[in-house]
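Visitor: prediction below, plus the sequence it came from.
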Amino acid sequence: MFGKAKALLAGLTTLVLLAPSLALAAGGGGAPIVIVADSRKLTGVMAWWANLYNESHLYFTIMTIILIPLIGVIFGVLADVVMHFIGIDLKSRELAEH
Amino acid sequence: MDWLYILMPIAGVKIFWPGLIILGIGVGVIGGFFGMGGAWMVTPGLNILGFPMAFAIGTDIAHMAGKSLISTMRHGKFGNVDYKLGFIMLFGTIAGFEVGAQMIMWLEKIGAVDKVVRWIYMGLLALIAWMVFADVAKRRAKEKAALAAGGKVDKLATGIEWHKTLHKIKIPPMVHLNVAGIYCSAWLPIIVSFFTGWLAGILGIGGGLIRMPSLIYLVGCPTHVAVGTDLFEVMISGLYGAGSYTYKGRVELVAAIIMLVGAAMGAQVGAVATKYIKGYGIRVAFGLAVIGCFISVFLKLLPNYVPSLNKICDVIATYMILGLVSALAIYITVKMVQGAKAELAMKKAKAAS
């Protein structure tokens, strides 16, 4: 059982390590255009965000990858709480095709 | 009314932010219900709101990752996600997608790739629409025959049953997919996912539109499990896509977050609606969405042959897609509200007795 889990973990790690290069290869046909954010009109968080984008796409990407699921979960859970409060059963459903 | 507009820090354009939330809710509901990302609906919507095309695609993929995560969580709680099947298919999907993407780069060198891709896309959509409605007709015929014989058709019975033939192929290793209730060769989901991944790579789409019917008709999943498992795949490919597009500087995260506010809640509504709408109701609505997608691709293709129709086709395609998104989202939401009301009334009656 432990061996199987180990093999699965190794497979997944390989997949995770290989996948970005695969994904980049998939989008490799585009023209190498560099877009620079104009931060002169921005203030506060927006200016910080635009500067982060200009300074390092890598940090910007890491932030995006963290923020997207986090915000999705926060608002999704919020909707969950509202539906639960209304009284909808969110744990079971009948499986039927017709 | 300046407060209704927000300056996008990366793209540098002012966008009507309530429009982003409305679009997010609409595609969230549809995505959670059908198990697809819905890039064919979001990209033109973002374009109308004023996004340059380069940002529209990346922003769509970024919001899709968050939206499908929350839908997968919800479907997972309902028992609609076969994680084992999802992981098996992941390998085929990634390999197939890469082969498709490399093939499209090779086709680009030859030229006229756009037209070829759109014709393949249309052929595929026509096939899926035919499959869905032929399946519905067969299922109805079975029901009628059973009624005439004085019996009742099994509640999990389906019209088209190609998967039964495919399950007879016993090439080892064999796998039990407990959530989907399938025992088949592991090669079946791998080959199906490779094929759907390859098509998605060639067509430049997420693949939910192809994978969902393939899970039903080729692998043999019940509709609800197909929706949930497909969303699991969309979530992972969405995260990879979001990373890849962000690294290339093509994601407007502020817009993606605003959309996600609506989409995360809409996705919950769509996912919960599958509780109240039976499998064949989902299949029919999915068939209608496929027809809508087919017409919009056709309208994009037509100006290649009649250039004077370019503008009018563009306008019709855009309004048609947005109209379809609104109609489907309203239909699903109404069904969800009706179902929830009935459930609450039943609970009350039970408590009273």
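Guide: Yep, that arrived.

Visitor: wait, doesn't residue B:197 sit right on residue B:103?
Guide: No. Applying Cβ atoms under 8 Å, one finds residue B:197 not in contact with residue B:103, separated by 11.8 Å. Every residue, glycine included, has its C-beta placed from N, CA and C.

Visitor: looking at these two, which is more packed in?
Guide: residue B:197 (28 against 14; other Cβ atoms under 10 Å in any protein chain shown).

Visitor: what's the neighbour count on residue B:297?
Guide: 20.

Visitor: is any part of the helix or strand containing it close to chain A?
Guide: According to DSSP states H and E, residue B:297 maps onto helix B:279-301. Yes. Contact between helix B:279-301 and chain A, assessed by Cβ under 8 Å from any Cβ of the partner chain, occurs at B:279-280.

Visitor: could you pull up the mean pLDDT of that helix?
Guide: Mean pLDDT, helix B:279-301: 82.

Visitor: pull the CA atoms of that helix into PDB?
Guide: Below are the C-alpha coordinates for helix B:279-301, written out as PDB (Å, rounded to 0.1, in the frame of the first residue of the first chain):
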ATOM      1  CA  GLY B 279     -29.100  13.400 -16.100                       C
ATOM      2  CA  TYR B 280     -31.100  13.700 -19.300                       C
ATOM      3  CA  GLY B 281     -32.100  17.200 -18.500                       C
ATOM      4  CA  ILE B 282     -28.400  18.100 -18.300                       C
ATOM      5  CA  ARG B 283     -27.700  16.300 -21.600                       C
ATOM      6  CA  VAL B 284     -30.400  18.200 -23.500                       C
ATOM      7  CA  ALA B 285     -29.200  21.600 -22.100                       C
ATOM      8  CA  PHE B 286     -25.600  20.600 -23.000                       C
ATOM      9  CA  GLY B 287     -26.800  19.700 -26.500                       C
ATOM     10  CA  LEU B 288     -28.300  23.200 -26.900                       C
ATOM     11  CA  ALA B 289     -25.100  24.800 -25.700                       C
ATOM     12  CA  VAL B 290     -23.100  22.800 -28.300                       C
ATOM     13  CA  ILE B 291     -25.500  24.000 -31.000                       C
ATOM     14  CA  GLY B 292     -25.000  27.600 -29.900                       C
ATOM     15  CA  CYS B 293     -21.200  27.100 -30.000                       C
ATOM     16  CA  PHE B 294     -21.600  25.500 -33.500                       C
ATOM     17  CA  ILE B 295     -23.500  28.500 -34.900                       C
ATOM     18  CA  SER B 296     -21.000  30.900 -33.400                       C
ATOM     19  CA  VAL B 297     -18.000  29.100 -35.000                       C
ATOM     20  CA  PHE B 298     -19.900  29.000 -38.300                       C
ATOM     21  CA  LEU B 299     -20.500  32.700 -38.200                       C
ATOM     22  CA  LYS B 300     -16.700  33.200 -37.600                       C
ATOM     23  CA  LEU B 301     -16.000  31.000 -40.600                       C
END
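
Visitor: thinking again about what came up before, who touches both of residue B:197 and residue B:103?
Guide: Among the neighbours of residue B:197, none is also in contact with residue B:103 (Cβ atoms under 8 Å, 6 or more residues apart in numbering or on different chains).
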